[in-house]
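Novice: any chance you could fold what I've pasted below:
(one chain, ligands or ions: 2)
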Amino acid sequence: MSSDSEYVCLDCGCLLVHTNPITLESMKDVHNQLCPMKRQKATPSQILTQPQAAPKAMPATMTKTADSAAAATATSVTTSTPAIGASDNTTIALSGNGTNYSKQEGPIDPEFKSKRQVVGTFRGIKVWGPIDPPGQLGVWGTQVTVDYDICIADGACIEACPVNVYEWLDTPGHPSSDKKTFMAREKDCIFCMACENVCPPQCVKIFQKGT
Ligand code: SF4
Ligand code: SF4
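Specialist: Numbers count the residues shown, from 1 in each chain. Ligands and ions are numbered 1, 2, ... in the order given. Modelled structure (predicted):
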């Protein structure tokens, strides 16, 4: 039976669990779009009007608990800084001798794209300056954007994302936190807004395609 923290799909029996009702609602929406039993019942025209998401990214049973810090750490990937080189589409470094430190309070400026310039890329992800590594890192991403100078690395966005967009990225020397959530699979985002809603300092901003 469904409750405030659980949802049981009556079509396929899948159990979704999360103590944050906003995140649970997002998980329900994603499941309802991808549930194979629901899709079998739907008419072809209904299926065509539903948003399409990558099935490979949806676990068969999507069960998450709010014991998030430990779980996020256990299930996420910690990525060391790769060497700078055109081959991996990386043009900026995370280390350096920068003297500017930028530990800021949230929220992220929703208008940052009109105020900042793209100063480079990291594994293909845009980085909006100014930056002065390691203490000032700017805003990262295009659709899934995170202000790295605000992020405190609590992992709530990693735990909330139903399609595994994020992974950890080490950022030693940054005054807010020595790791950040890197939107490595930004293209897989289904715009459920869960990460934006759960981020404590509100440093995540999701832009729908074309915005
Ligand atoms: S990155 Fe996209 S899919 Fe993942 S939680 Fe955020 S809005 Fe949802
Ligand atoms: S929820 Fe916000 S503060 Fe926490 S790790 Fe994600 S982006 Fe950083």
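
Novice: switch to C-alpha atoms for all contacts and neighbour counts from now on
Specialist: Noted.

Novice: so stretch 164-177, near ligand 2 or not?
Specialist: No: applying CA under 6 Å from any ligand atom, one finds stretch 164-177 out of contact with ligand 2, separated by at least 8.6 Å.

Novice: how about that stretch: buried residues?
Specialist: Residues of stretch 164-177 classed as buried: 164-177 (neighbour count, 16 or more other CA atoms under 10 Å).

Novice: cool, stretch 180-195 as well?
Specialist: If you call a residue buried by 16+ other CA under 10 Å, then stretch 180-195 has these buried ones: 180-184, 186, 189-195.

Novice: Throw those residues into JSON lines and include secondary structure, distance to ligand 2 and pLDDT, thanks.
Specialist: Output for these, formatted as JSON lines (DSSP: H, G, I helix; E, B strand; the rest coil; distance: CA to the nearest ligand atom, whole Å; pLDDT from 0 to 100):
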{"residue": "180", "secondary structure": "strand", "distance to ligand 2": "6", "pLDDT": "98"}
{"residue": "181", "secondary structure": "strand", "distance to ligand 2": "5", "pLDDT": "98"}
{"residue": "182", "secondary structure": "strand", "distance to ligand 2": "9", "pLDDT": "98"}
{"residue": "183", "secondary structure": "coil", "distance to ligand 2": "10", "pLDDT": "98"}
{"residue": "184", "secondary structure": "coil", "distance to ligand 2": "13", "pLDDT": "97"}
{"residue": "186", "secondary structure": "helix", "distance to ligand 2": "14", "pLDDT": "97"}
{"residue": "189", "secondary structure": "coil", "distance to ligand 2": "15", "pLDDT": "97"}
{"residue": "190", "secondary structure": "coil", "distance to ligand 2": "17", "pLDDT": "96"}
{"residue": "191", "secondary structure": "coil", "distance to ligand 2": "15", "pLDDT": "97"}
{"residue": "192", "secondary structure": "coil", "distance to ligand 2": "14", "pLDDT": "97"}
{"residue": "193", "secondary structure": "coil", "distance to ligand 2": "12", "pLDDT": "97"}
{"residue": "194", "secondary structure": "helix", "distance to ligand 2": "10", "pLDDT": "98"}
{"residue": "195", "secondary structure": "helix", "distance to ligand 2": "6", "pLDDT": "98"}
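
Novice: which one of those is nearest residue 21?
Specialist: residue 194 (10.3 Å; CA to CA).

Novice: what about the nearest residue to residue 143 once chain neighbours are set aside, distance to residue 160?
Specialist: Excluding its sequence neighbours, the residue lying closest to residue 143 (CA to CA, 6 or more residues apart in numbering) is residue 207, at 4.6 Å. To residue 160, residue 207 is 17 Å away according to CA to CA, to the nearest Å.

Novice: before I go, just wanted to say thanks for your time.
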